[in-house]
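In: Starting from these lines, generate the structure:
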Amino acid sequence: MVNPSDPAATLKTVRPSGDIPTGRITGWLRTLLRALIYDLRRNKALLLMALPGLVVVFLISYMPMPGIVLAFKNYRVAQGIWGSDWVGLNNFQFLLNSGIAWEIIRNTLVLNALFIIAAQVCSVTMAVLMNEVYHTHIAKVYQSILFFPHFVSWVLVGFFTFAFLNSDTGYVNSLLVSLGHDPVNWYAEPQYWYAILVFLSVWKGLGYFTIIYLAGMLNINPEYYEAARIDGASKWHEIRYISLPLIQPLIIINVLLAIGRIFFANFDFIYNVTRDSSLLLPAVNVIDTFVYRSLAALGNFNLASAAGFFQATMGLILILFANALVRRIDKEQALF
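Out: Now for the predicted structure:
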């Protein structure tokens, strides 16, 4: 029997067993608000520095998000986005049943996997080599040379590539002819382009990742190397047991971020370097170029939106899976 003079007992009988106490929610919100205010005050300068970038990301990446409903509609210009008829998953079904879907998915995954592997291996190797350059001025010259391609536009890279691979007056074909070989019509032979694109991707991004890993190596305590030399460790042992393990968090973060965008090919890169040659589509037709052609050539907003939504969803799933895998192996190395 409930004692009326006991408020706790009365409240316990009135409140359903599955409800969350209101006081607990209020306390949680109050704690979260205090933590947010404290973080804003503590990192005010850093947040102000990041504000322009956050505004750009919001305008470019978040404001257009309501347009994602086009992937589930039969869009008609006269009816507008919200007035067009809902078709559910029909656009996705049409995309996956088309003969081109698996080709663009395969090309996107294969090319990005090659880009990730080549970029990480080459940049870590170059960072290790750069870390052994003890002359400061020479090291800065090497770093500048490596980093310069990062600022070159893909449009210019496309023109440079065409100057080398042009079937009539290209430098490569001129060299082949001078050596007694037949010229190659590079823009009609898809089998060569995996290697060409990987080479250009590494060339352009090598300096960026090398600087990141080199900064991580320079932050390693020199006493570790001194202790290893006293114990008789060779240079290879220093690299294997000191340098690489201590920059492993940087490598994991870069790989996780790259995996998160493995379904997003670099449109500027693929489109400009291949010059949108239809003969190369079996090897270089990726999701991004497919979306562009769906809009530019066919004017099919529904198909382009479905492909874009599929890209984003699969990228999110992959980065969550990769992070969970890293967390299972080593919780401290996980991104979140």
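In: So what touches stretch 302-316?
Out: Under the contact criterion CB atoms under 8 Å, 6 or more residues apart in numbering, stretch 302-316 has outside partners 67-68, 70-71, 73-75, 87, 91-92, 94-95, 104, 260-264, 287, 290-291, 294-295. For the C-beta atoms, the positions are set from N, CA and C on the backbone; glycine is no exception.
In: swap in stretch 269-281?
Out: Contacts of stretch 269-281 from elsewhere in the structure, counted by CB under 8 Å, 6+ apart, are 154-155, 157-158, 161-162, 187-190, 193, 196-197, 200-201, 284, 286, 288-289, 292.
In: Any stretches of the chain with poor pLDDT?
Out: Scanning the chain with the threshold set as pLDDT under 70 gives 1-23, 333, 335.
In: Can you give me the domain assignment for it?
Out: Domain assignment of the chain by automatic domain parsing yields the ranges 7-63, 90-333.
In: Go through the ones you listed and pick out the most buried.
Out: Among the domains of the chain, judged by mean count of other CB atoms under 10 Å, the one packed with the most neighbours on average is domain 90-333 (a mean of 16).
In: Centre of the chain to that one, how far?
Out: Put simply, domain 90-333 sits 10 Å off its chain's centre (CA atoms, centre = their mean, to the nearest Å).
In: Please renumber the chain so that the first residue is 428 from this point on.
Out: In the new count, where the first residue is 428, that last one comes out as domain 517-760.
In: so can I have a markdown table of the domains of the chain showing distance to G507?
Out: Putting the domains of the chain into a markdown table (distance: least, CB to CB, whole Å) gives the following:
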| stretch | distance to G507 |
| --- | --- |
| domain 434-490 | 17 |
| domain 517-760 | 12 |
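In: And the strands in the stretch 428-577 of the chain, which stretches?
Out: Here the stretch 428-577 of the chain has its strands, by DSSP state E, counting those that start in this stretch, at 500-503, 511-513.
In: Which of these has the highest mean neighbour count?
Out: Compared across the strands of the stretch 428-577 of the chain, strand 500-503 shows the largest average neighbour count, a mean of 18 (mean count of other CB under 10 Å).
In: elements contacting that one?
Out: Other elements packing on strand 500-503 under the criterion 3 or more CB pairs under 8 Å, 6 or more residues apart in numbering; DSSP states H and E are helix 507-510, strand 511-513, helix 728-756.
In: and of these, who's closest to L467?
Out: The closest approach between L467 and any of these, judged by CB to CB, belongs to helix 728-756 at 27.1 Å.
In: And for V713, nearest residue in space, chain neighbours not counted?
Out: Leaving aside its sequence neighbours, V713 sits nearest to A692 (CB to CB, 6 or more residues apart in numbering; 3.8 Å).
In: Next one: that neighbour relative to L633, how far apart?
Out: A692 sits 19 Å away from L633, going by CB to CB, to the nearest Å.
In: can you check T458 too?
Out: Distance of T458 to L633, computed by CB to CB: 46 Å.
In: related to what we said a few turns ago, tabulate the helices and strands packed on strand 500-503 in JSON lines, adding columns for distance to V682.
Out: Listed next are these as JSON lines, based on distance: least, CB to CB, whole Å:
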{"stretch": "helix 507-510", "distance to V682": "37"}
{"stretch": "strand 511-513", "distance to V682": "39"}
{"stretch": "helix 728-756", "distance to V682": "8"}
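In: and V484, which of those is closest to it?
Out: For V484, the closest of these is helix 728-756, at 14.7 Å, according to CB to CB.
In: picking that back up, look up phi and psi at the residue nearest to V713.
Out: Main-chain dihedrals, A692, degrees, to the nearest 10: phi -80, psi 150.
In: again, but for V514
Out: Reported as degrees, to the nearest 10, the phi and psi values for V514 are phi -130, psi 10.
In: Next up, the contacts around it.
Out: With contacts defined as CB under 8 Å, 6+ apart, the neighbours of V514 are F499, K500, N501, N729.
In: who touches the third one in this structure?
Out: Shown here is N501, whose contacts under the criterion CB under 8 Å, 6+ apart are S511, D512, W513, V514, N517, N729.
In: Helix, strand, or coil at T596?
Out: State at T596, reduced to three classes by DSSP: H, G, I helix; E, B strand; the rest coil: coil.
In: max-length helix in the chain?
Out: Longest helix in the chain, counting residues (DSSP state H): helix 528-558.
In: Tell me the spacing between N558 and A545.
Out: Applying CB to CB, the value for N558 to A545 is 20 Å.
In: residue boundaries of the helices in the stretch 528-677 of the chain?
Out: 528-558, 563-574, 581-592, 598-605, 620-645, 649-657, 662-665, 671-673, 675-687 (DSSP state H, counting those that start in this stretch).
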